[in-house]
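*Asks:* Quick one, what's the 3D model for this:
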Amino acid sequence: MTTGRHTATELDPSLDDYQLASALVREAGQLALLMRMGGLQGERKTSISDVVTAADHAAEAYVLDQLRRCRPEDGILGEEGASVAGTSGRTWVIDPVDGTYNFLHGSTYWCSAIALKRDDSDHGGNPVVDPSVLLGAIYQPELDKLWLGGEDHPATLNGDPISGAGDAAVAEICAATYIHPTWLADPRTAMPWHAAAVSAASLRMFGSGSCDLGRVADGELGCWFQHSCPEWDWLPGKAIVRAAGGDTAVVKVNGMNWFVAGGPTAVRELSAALTSVPQFA
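*Replies:* Sure, this is the predicted structure:
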């Protein structure tokens, strides 16, 4: 498959799901990196820090093409607009470039990520906020880091087993997070974010949720929390954190869903901090 002047690999449909996910994020990430080296411009989406590039679109198109050929019965959902209904009860969730602002400005802290989820629904037939996830794969091209894990695959980093940072209290570990500055002006989000943030020993805000969650899974970061995550920002890392022995949760505060990952104690304490604030009508 040729995308612009870059040729990406046609993948073998006989690969198992984990092999396919690994190959997809590796190829998508390398394609995006090559396109950035050739020069890119960003387009603003919802804010000056929420941008998209031709590399996002090309990498998603590559993954979409490969999945339609290799897994024709599965659904597909992508950040940049890919949407294919499936018949298998499973859907691949794609983030071709997670951390596009970092990517566009020359940082190495960005990745390609993918998850395979079950098409869970509630009793009314509506999609659930936090569906069960079969597997996740995250690839950070410039550091050549590939995190992989799922229900049938223990978490690994470049093929080596990983098992998180243990089960320490939030007050003893570093928490990674992200919140857009405009949300800090809204007490509905600012108050729970502040309550969780001050409970941690230290804070980090790097701008790529999947890169963060890979590092929670391998123990470089202690825990993570963020509100209003779309599935492509949450499910790849959720799968890997859980495969590494960690825990995850989604809690609703003032009508907003907060997504939390880490060891069981950290997840429990962050969830309690987030829900400890006054509730607005």
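
*Asks:* Please save the CA atoms from stretch 17-34 in PDB.
*Replies:* Extracted as PDB, the C-alpha positions of stretch 17-34 are listed here (Å, rounded to 0.1, in the frame of the first residue of the first chain):
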ATOM      1  CA  ASP A  17      -5.000 -10.500  16.900                       C
ATOM      2  CA  TYR A  18      -2.000  -9.600  19.000                       C
ATOM      3  CA  GLN A  19       0.400  -9.900  16.100                       C
ATOM      4  CA  LEU A  20      -1.900  -7.900  13.900                       C
ATOM      5  CA  ALA A  21      -2.300  -5.100  16.500                       C
ATOM      6  CA  SER A  22       1.500  -4.900  17.000                       C
ATOM      7  CA  ALA A  23       2.100  -4.700  13.300                       C
ATOM      8  CA  LEU A  24      -0.600  -2.100  12.800                       C
ATOM      9  CA  VAL A  25       0.700   0.300  15.400                       C
ATOM     10  CA  ARG A  26       4.300  -0.200  14.400                       C
ATOM     11  CA  GLU A  27       3.600   0.500  10.700                       C
ATOM     12  CA  ALA A  28       1.200   3.400  11.400                       C
ATOM     13  CA  GLY A  29       3.700   5.000  13.800                       C
ATOM     14  CA  GLN A  30       6.600   4.700  11.300                       C
ATOM     15  CA  LEU A  31       4.400   6.100   8.500                       C
ATOM     16  CA  ALA A  32       3.500   9.100  10.600                       C
ATOM     17  CA  LEU A  33       7.200   9.700  11.600                       C
ATOM     18  CA  LEU A  34       8.400   9.500   8.000                       C
END
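
*Asks:* Any buried residues in it, and which?
*Replies:* For stretch 17-34, the neighbour count (16 or more other Cβ atoms under 10 Å) marks 17-18, 20-34 as buried. For glycine as for every other residue, the C-beta is placed from the backbone atoms N, C-alpha and C.

*Asks:* Show residues contacting that stretch.
*Replies:* Surrounding stretch 17-34, the residues in contact under the criterion Cβ atoms under 8 Å, 6 or more residues apart in numbering are 3, 6, 8-9, 11, 15, 55-56, 58-60, 62-63, 66-67, 70-71, 96-97, 103, 111-114, 116, 134-142, 146, 148, 150, 152-153.

*Asks:* Filter the residues you listed down to the buried ones, PyMOL style.
*Replies:* Restricted to buried positions by 16+ other Cβ under 10 Å, the PyMOL selection for the contacts of stretch 17-34 reads:
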select buried, resi 3+6+8+11+55+56+58+59+60+62+63+66+67+70+71+96+97+103+111+112+113+114+116+134+135+136+137+138+139+140+141+146+148+150+153
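
*Asks:* Please narrow the contacts of stretch 17-34 to those residing in strands.
*Replies:* Within the contacts of stretch 17-34, residues falling in strands by DSSP state E are 3, 6, 96-97, 111-114, 116, 134-140, 146, 148, 150, 153.

*Asks:* what angle sits between the host helix or strand of residue 29 and strand 133-140?
*Replies:* Using DSSP states H and E, residue 29 maps to helix 17-37. Relative orientation of helix 17-37 versus strand 133-140 (axes from the mean of the first three to the mean of the last three Cα atoms, to 10 degrees): 30 degrees.

*Asks:* relative to strand 145-150, how tilted is helix 17-37?
*Replies:* Relative orientation of helix 17-37 with respect to strand 145-150: 150 degrees, computed using the same axes, to 10 degrees.

*Asks:* Now do helix 17-37: distance to the chain's middle.
*Replies:* Relative to the centre of its chain, helix 17-37 is centred 15 Å away, using Cα atoms, centre = their mean, to the nearest Å.
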